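Novice: give me a model of this one.
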Amino acid sequence: MNRITGIFKNNKALITYLTAGDPDTSKTEEYILTMALNGSDLIEIGIPFSDPVADGETIRNAMVRALSKNINLYDIFDIVANVRKKIDIPLVFMTYLNPIFFYGYEKFFKRCKQVELDGIIVPDMPIEEQEEIKCFAKKYGITIITMIAPTSKKRISFLAKQADEGFIYLVSSLGVTGVRNRITTDIRAIVSEIKKVTDIPVAVGFGISNASQAKEIAKYADGVIIGSAVVKIIEQRKGNTITKLANYTSEIKKAILS
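Specialist: Here you go, the predicted structure:
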(Lines give C-alpha, C1' and ligand atoms only; values in the text may rest on other atoms or scores of the structure.)
Protein backbone atom coordinates (compact mmCIF):
# COMPACT_ATOMS: atom_id res chain seq x y z
CA MET A 1 0.00 0.00 0.00
CA ASN A 2 1.47 3.38 -0.98
CA ARG A 3 1.05 6.53 1.08
CA ILE A 4 -1.82 7.89 -1.02
CA THR A 5 -3.88 4.70 -0.87
CA GLY A 6 -3.29 4.46 2.87
CA ILE A 7 -5.04 7.73 3.78
CA PHE A 8 -8.40 6.35 2.62
CA LYS A 9 -8.05 3.02 4.41
CA ASN A 10 -9.95 3.70 7.61
CA ASN A 11 -11.30 7.27 7.62
CA LYS A 12 -12.43 10.14 5.46
CA ALA A 13 -9.39 12.01 4.17
CA LEU A 14 -8.69 15.74 4.36
CA ILE A 15 -6.61 17.06 1.48
CA THR A 16 -5.35 20.65 1.56
CA TYR A 17 -3.59 22.80 -1.01
CA LEU A 18 -1.16 25.70 -0.93
CA THR A 19 0.90 27.52 -3.53
CA ALA A 20 4.66 26.96 -3.22
CA GLY A 21 6.62 30.14 -2.58
CA ASP A 22 3.72 32.22 -1.26
CA PRO A 23 4.92 34.24 0.56
CA ASP A 24 8.35 32.52 0.47
CA THR A 25 9.88 29.05 0.59
CA SER A 26 10.53 28.94 4.33
CA LYS A 27 6.94 29.92 5.13
CA THR A 28 5.66 27.34 2.65
CA GLU A 29 7.57 24.67 4.57
CA GLU A 30 6.12 25.91 7.87
CA TYR A 31 2.59 25.90 6.49
CA ILE A 32 2.92 22.39 5.10
CA LEU A 33 4.15 21.09 8.44
CA THR A 34 1.39 22.95 10.30
CA MET A 35 -1.38 21.46 8.20
CA ALA A 36 0.17 17.99 8.36
CA LEU A 37 0.31 18.14 12.14
CA ASN A 38 -3.27 19.39 12.47
CA GLY A 39 -5.31 17.00 10.36
CA SER A 40 -4.30 17.16 6.71
CA ASP A 41 -3.89 13.62 5.39
CA LEU A 42 -2.41 14.72 2.05
CA ILE A 43 -1.10 18.08 0.90
CA GLU A 44 -1.16 19.37 -2.65
CA ILE A 45 1.71 21.71 -3.42
CA GLY A 46 0.86 24.07 -6.25
CA ILE A 47 3.64 24.87 -8.71
CA PRO A 48 3.23 28.54 -9.71
CA PHE A 49 2.51 29.09 -13.39
CA SER A 50 1.82 32.25 -15.38
CA ASP A 51 -1.33 30.93 -17.09
CA PRO A 52 -3.26 28.87 -14.50
CA VAL A 53 -6.42 28.26 -16.54
CA ALA A 54 -8.14 26.07 -13.91
CA ASP A 55 -7.61 28.45 -11.02
CA GLY A 56 -9.67 31.33 -9.74
CA GLU A 57 -8.53 34.72 -8.51
CA THR A 58 -7.29 33.66 -5.08
CA ILE A 59 -4.86 31.02 -6.33
CA ARG A 60 -3.90 33.05 -9.41
CA ASN A 61 -2.89 35.91 -7.13
CA ALA A 62 -0.88 33.53 -4.95
CA MET A 63 0.97 32.32 -8.05
CA VAL A 64 1.72 35.90 -9.09
CA ARG A 65 3.13 36.62 -5.63
CA ALA A 66 5.30 33.50 -5.74
CA LEU A 67 6.53 34.16 -9.27
CA SER A 68 7.40 37.74 -8.32
CA LYS A 69 9.87 36.20 -5.84
CA ASN A 70 11.41 34.16 -8.69
CA ILE A 71 10.30 30.81 -7.28
CA ASN A 72 11.31 27.92 -9.54
CA LEU A 73 11.09 24.13 -9.64
CA TYR A 74 14.50 23.70 -8.05
CA ASP A 75 13.29 25.69 -5.03
CA ILE A 76 10.06 23.70 -4.89
CA PHE A 77 11.84 20.36 -4.97
CA ASP A 78 13.97 21.62 -2.07
CA ILE A 79 10.78 22.44 -0.14
CA VAL A 80 9.55 18.87 -0.59
CA ALA A 81 12.92 17.40 0.36
CA ASN A 82 13.04 19.50 3.54
CA VAL A 83 9.51 18.74 4.77
CA ARG A 84 9.82 15.06 3.88
CA LYS A 85 12.45 14.78 6.62
CA LYS A 86 9.78 15.72 9.16
CA ILE A 87 6.46 14.27 7.94
CA ASP A 88 5.35 11.05 6.30
CA ILE A 89 1.99 12.03 4.82
CA PRO A 90 1.55 11.98 1.02
CA LEU A 91 2.72 15.06 -0.87
CA VAL A 92 1.39 15.73 -4.35
CA PHE A 93 2.22 18.38 -6.94
CA MET A 94 -0.63 20.31 -8.55
CA THR A 95 0.85 21.67 -11.75
CA TYR A 96 0.19 22.56 -15.33
CA LEU A 97 1.99 20.62 -18.04
CA ASN A 98 4.24 23.43 -19.24
CA PRO A 99 6.56 23.53 -16.19
CA ILE A 100 7.06 19.76 -16.41
CA PHE A 101 7.75 19.93 -20.15
CA PHE A 102 10.20 22.81 -19.71
CA TYR A 103 12.05 21.02 -16.88
CA GLY A 104 12.13 17.77 -18.87
CA TYR A 105 9.79 14.83 -18.31
CA GLU A 106 12.33 12.23 -17.21
CA LYS A 107 14.35 14.69 -15.17
CA PHE A 108 11.18 15.92 -13.47
CA PHE A 109 9.85 12.52 -12.42
CA LYS A 110 13.27 11.27 -11.40
CA ARG A 111 13.60 14.27 -9.09
CA CYS A 112 10.09 13.63 -7.73
CA LYS A 113 11.21 10.17 -6.70
CA GLN A 114 14.43 11.49 -5.15
CA VAL A 115 12.54 13.89 -2.86
CA GLU A 116 9.85 11.26 -2.11
CA LEU A 117 6.94 13.05 -3.71
CA ASP A 118 3.95 10.73 -4.04
CA GLY A 119 1.83 11.99 -6.90
CA ILE A 120 0.93 14.63 -9.43
CA ILE A 121 -2.23 16.36 -10.66
CA VAL A 122 -2.14 18.02 -14.10
CA PRO A 123 -5.48 19.82 -14.66
CA ASP A 124 -4.73 20.92 -18.23
CA MET A 125 -3.81 17.44 -19.47
CA PRO A 126 -6.80 15.39 -20.75
CA ILE A 127 -6.69 11.74 -19.82
CA GLU A 128 -6.43 10.87 -23.52
CA GLU A 129 -3.03 12.59 -23.56
CA GLN A 130 -1.63 11.21 -20.31
CA GLU A 131 0.53 8.68 -22.10
CA GLU A 132 2.90 11.57 -22.77
CA ILE A 133 3.97 11.50 -19.13
CA LYS A 134 2.62 8.19 -17.83
CA CYS A 135 5.64 6.11 -18.79
CA PHE A 136 7.94 8.42 -16.81
CA ALA A 137 5.57 8.57 -13.85
CA LYS A 138 5.34 4.79 -13.68
CA LYS A 139 9.10 4.38 -14.09
CA TYR A 140 9.71 6.48 -10.99
CA GLY A 141 6.65 5.41 -8.99
CA ILE A 142 4.75 8.71 -9.09
CA THR A 143 0.96 8.43 -8.99
CA ILE A 144 -1.04 10.39 -11.58
CA ILE A 145 -4.31 11.62 -10.06
CA THR A 146 -7.30 11.66 -12.43
CA MET A 147 -9.62 14.67 -12.37
CA ILE A 148 -13.33 14.37 -13.21
CA ALA A 149 -15.64 17.35 -13.76
CA PRO A 150 -19.47 17.20 -13.47
CA THR A 151 -20.11 16.82 -17.19
CA SER A 152 -22.08 14.11 -19.00
CA LYS A 153 -22.63 10.72 -17.40
CA LYS A 154 -20.91 9.04 -20.31
CA ARG A 155 -17.78 11.12 -19.79
CA ILE A 156 -17.81 10.56 -16.03
CA SER A 157 -17.97 6.78 -16.44
CA PHE A 158 -15.25 6.81 -19.12
CA LEU A 159 -12.83 8.79 -16.95
CA ALA A 160 -13.56 6.71 -13.87
CA LYS A 161 -12.78 3.51 -15.75
CA GLN A 162 -9.43 4.95 -16.85
CA ALA A 163 -8.35 5.88 -13.33
CA ASP A 164 -6.20 3.12 -11.96
CA GLU A 165 -4.29 4.59 -9.02
CA GLY A 166 -4.33 7.03 -6.13
CA PHE A 167 -7.72 8.70 -5.96
CA ILE A 168 -10.16 10.44 -8.25
CA TYR A 169 -10.28 14.22 -7.88
CA LEU A 170 -13.94 15.09 -8.41
CA VAL A 171 -14.48 18.74 -9.28
CA SER A 172 -17.55 19.91 -7.36
CA SER A 173 -18.57 22.64 -9.80
CA LEU A 174 -17.90 23.66 -13.37
CA GLY A 175 -15.50 26.58 -13.63
CA VAL A 176 -12.29 27.51 -11.86
CA THR A 177 -11.13 27.03 -8.27
CA GLY A 178 -12.45 29.36 -5.59
CA VAL A 179 -14.61 29.58 -2.50
CA ARG A 180 -18.33 29.10 -3.18
CA ASN A 181 -21.18 29.90 -0.81
CA ARG A 182 -23.22 27.00 -2.17
CA ILE A 183 -22.34 23.86 -4.09
CA THR A 184 -25.31 23.01 -6.27
CA THR A 185 -23.88 20.00 -8.09
CA ASP A 186 -25.43 16.66 -7.09
CA ILE A 187 -22.21 15.25 -5.64
CA ARG A 188 -23.97 12.21 -4.23
CA ALA A 189 -25.21 11.17 -7.68
CA ILE A 190 -21.84 11.68 -9.36
CA VAL A 191 -19.95 9.76 -6.68
CA SER A 192 -22.50 6.95 -7.05
CA GLU A 193 -21.93 6.94 -10.81
CA ILE A 194 -18.16 6.70 -10.31
CA LYS A 195 -18.47 3.93 -7.73
CA LYS A 196 -20.37 1.80 -10.25
CA VAL A 197 -17.23 1.41 -12.35
CA THR A 198 -14.26 1.70 -9.99
CA ASP A 199 -13.12 1.11 -6.41
CA ILE A 200 -10.69 4.03 -6.53
CA PRO A 201 -11.43 6.49 -3.67
CA VAL A 202 -13.17 9.74 -4.64
CA ALA A 203 -12.18 13.10 -3.12
CA VAL A 204 -14.15 16.25 -3.88
CA GLY A 205 -12.66 19.72 -4.37
CA PHE A 206 -13.26 23.19 -5.87
CA GLY A 207 -15.32 25.55 -3.74
CA ILE A 208 -15.36 23.82 -0.35
CA SER A 209 -14.40 26.31 2.35
CA ASN A 210 -16.15 25.68 5.66
CA ALA A 211 -16.86 22.89 8.11
CA SER A 212 -20.52 22.45 7.20
CA GLN A 213 -19.76 22.10 3.48
CA ALA A 214 -16.95 19.65 4.23
CA LYS A 215 -19.16 17.58 6.53
CA GLU A 216 -21.89 17.35 3.90
CA ILE A 217 -19.49 16.32 1.12
CA ALA A 218 -17.88 13.71 3.37
CA LYS A 219 -21.21 11.91 3.68
CA TYR A 220 -20.80 10.73 0.09
CA ALA A 221 -17.12 11.09 -0.82
CA ASP A 222 -14.01 9.42 0.54
CA GLY A 223 -12.19 12.71 0.94
CA VAL A 224 -12.54 16.49 0.93
CA ILE A 225 -10.14 18.86 -0.85
CA ILE A 226 -9.70 22.47 0.26
CA GLY A 227 -7.48 24.94 -1.55
CA SER A 228 -8.62 28.52 -2.01
CA ALA A 229 -9.75 28.88 1.61
CA VAL A 230 -6.27 27.87 2.79
CA VAL A 231 -4.57 30.19 0.31
CA LYS A 232 -6.83 33.02 1.51
CA ILE A 233 -5.63 32.57 5.09
CA ILE A 234 -2.04 32.72 3.86
CA GLU A 235 -2.78 35.77 1.71
CA GLN A 236 -4.35 37.77 4.54
CA ARG A 237 -1.43 37.20 6.92
CA LYS A 238 -3.36 38.84 9.74
CA GLY A 239 -2.25 37.84 13.20
CA ASN A 240 -0.61 34.47 13.60
CA THR A 241 -0.99 32.66 10.27
CA ILE A 242 0.40 29.43 11.72
CA THR A 243 -2.23 29.38 14.46
CA LYS A 244 -5.01 30.23 12.03
CA LEU A 245 -3.97 27.45 9.65
CA ALA A 246 -3.70 24.98 12.51
CA ASN A 247 -7.14 25.84 13.87
CA TYR A 248 -8.77 25.86 10.44
CA THR A 249 -7.28 22.50 9.42
CA SER A 250 -8.26 20.93 12.72
CA GLU A 251 -11.82 22.29 12.45
CA ILE A 252 -12.34 20.87 8.95
CA LYS A 253 -10.84 17.50 9.89
CA LYS A 254 -13.15 17.18 12.88
CA ALA A 255 -16.14 18.08 10.71
CA ILE A 256 -15.52 15.39 8.10
CA LEU A 257 -15.03 12.75 10.77
CA SER A 258 -18.15 13.72 12.76
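Novice: centroid residue for this structure?
Specialist: Nearest to the geometric centre of the chain sits residue 44, at 3.7 Å (C-alpha atoms, centre = their mean).
Novice: may I have the beta-bridge partners of it?
Specialist: Taking DSSP bridges as the rule, residue 44 bridges to residue 17, residue 92.
Novice: can you tell me how far it is from residue 3?
Specialist: For residue 44, the distance to residue 3 equals 14 Å [C-beta to C-beta, to the nearest Å]. In short, each C-beta sits where N, CA and C put it, glycine included.
Novice: picking up where we left off before, who's in contact with the residue nearest to the centre of the chain?
Specialist: Residue 44 is in contact with 15, 16, 17, 18, 92, 93, 94, 121, 225, 227, counting by C-beta atoms under 8 Å, 6 or more residues apart in numbering.
Novice: which single one of these is nearest to residue 72?
Specialist: residue 93 (13.7 Å; C-beta to C-beta).
Novice: I figured the closest one hits residue 123, correct?
Specialist: No. Proximity of residue 93 to residue 123 does not meet the contact threshold set by C-beta atoms under 8 Å, at 11.4 Å.
Novice: what about those two, which has more around it?
Specialist: residue 93 (25 against 20; other C-beta atoms under 10 Å).
Novice: can you give me phi and psi for the residue lying closest to the more buried one once chain neighbours are set aside?
Specialist: Once flanking residues are discounted, residue 93 sits nearest to residue 120: 4.8 Å by C-beta to C-beta, 6 or more residues apart in numbering. When read as degrees, to the nearest 10, the backbone of residue 120 gives phi -150, psi 140.
Novice: residue 120 contacts residue 137, correct?
Specialist: Yes. Between residue 120 and residue 137 a contact is recorded at 6.8 Å, counting by C-beta under 8 Å.
Novice: that concludes my questions; thank you for your assistance.
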